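**Student:** below are the sequence and a predicted model; questions follow.
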Amino acid sequence: MTVDVRRFLAVDVGGKRTGLALGDSLTRVAMPVEVLHVPRGPALLDAILKAVRAHAPDAIVMGLPLNMDGSEGPAAEQARAFAAEVQERAGLVVHLQDERLTSFEADQRMARSGRTRGEKKELRDALAAAALLEDFLRR
């Protein structure tokens, strides 16, 4: 019996930093990979495509910034447009996942880590991407 294992790259887009994480459908575990220090725009798209080539996922999971009441605002509209561009350029399916509270979850994971504030800031976005991917893999 063969198991269909799918590998996912999670992308948590931020204003200045974008977190990346990897996981798969078998273990349902997500691991932070890196933080891209690239502002939104064409350079970020290029950096994400480079990560796709490096990690060879079967699909991409991107954060969808919903309002706390579950409604969509301008940020969600921008995220959908960017996800469509990534999907077209990468040639992979892009799944959108509610990203509410992923940064809070990342902060909770680091609260007692003993890391300095700067170290936490650097790791936060990749941990948020991992939390995003874990939420996706659980559903």
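**Tutor:** Great, that's in hand.

**Student:** quick one: pLDDT of the residue lying closest to Asn67 once chain neighbours are set aside?
**Tutor:** Leaving out its chain neighbours, the residue that sits closest to Asn67 by CB to CB, 6 or more residues apart in numbering is Gly73, at 5.6 Å. C-beta: built from backbone N, CA, C; applies to glycine. As predicted, Gly73 sits at a pLDDT of 92.

**Student:** quick check: Gly73 touching Leu64?
**Tutor:** No - with contact defined as CB atoms under 8 Å, Gly73 and Leu64 do not form a contacting pair (11.0 Å).

**Student:** tell me which of these two has more neighbours.
**Tutor:** Leu64 (18 against 10; other CB atoms under 10 Å).

**Student:** pLDDT value on that one, please?
**Tutor:** For Leu64, pLDDT reads 94.

**Student:** list the buried residues in the longest helix along the chain.
**Tutor:** Looking across the chain with DSSP state H, the single longest helix is helix 117-138. Along helix 117-138, these residues count as buried under the neighbour rule (16 or more other CB atoms under 10 Å): 120, 123-137.

**Student:** next: stretch 7-19.
**Tutor:** Quick answer for stretch 7-19 (16+ other CB under 10 Å): 8-14, 17-19.

**Student:** and the angle from whichever helix or strand Leu22 is part of to helix 117-138?
**Tutor:** Counting by DSSP states H and E, the element that carries Leu22 is strand 18-24. Angle, strand 18-24 to helix 117-138, by axes from the mean of the first three to the mean of the last three CA atoms, to 10 degrees: 40 degrees.

**Student:** hey, C-alpha coordinates of the helix or strand that strand 18-24 is followed by in PDB?
**Tutor:** Following strand 18-24 in sequence order, the next helix or strand is strand 30-36 (DSSP H and E). What follows is strand 30-36, C-alpha atoms only, in PDB (Å, rounded to 0.1, in the frame of the first residue of the first chain):
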ATOM      1  CA  ALA A  30       5.700  22.000  10.000                       C
ATOM      2  CA  MET A  31       9.300  23.300  10.500                       C
ATOM      3  CA  PRO A  32      10.300  26.900  10.100                       C
ATOM      4  CA  VAL A  33      12.800  27.300   7.200                       C
ATOM      5  CA  GLU A  34      13.800  30.900   6.800                       C
ATOM      6  CA  VAL A  35      12.700  34.500   6.900                       C
ATOM      7  CA  LEU A  36      12.900  36.500   3.700                       C
END
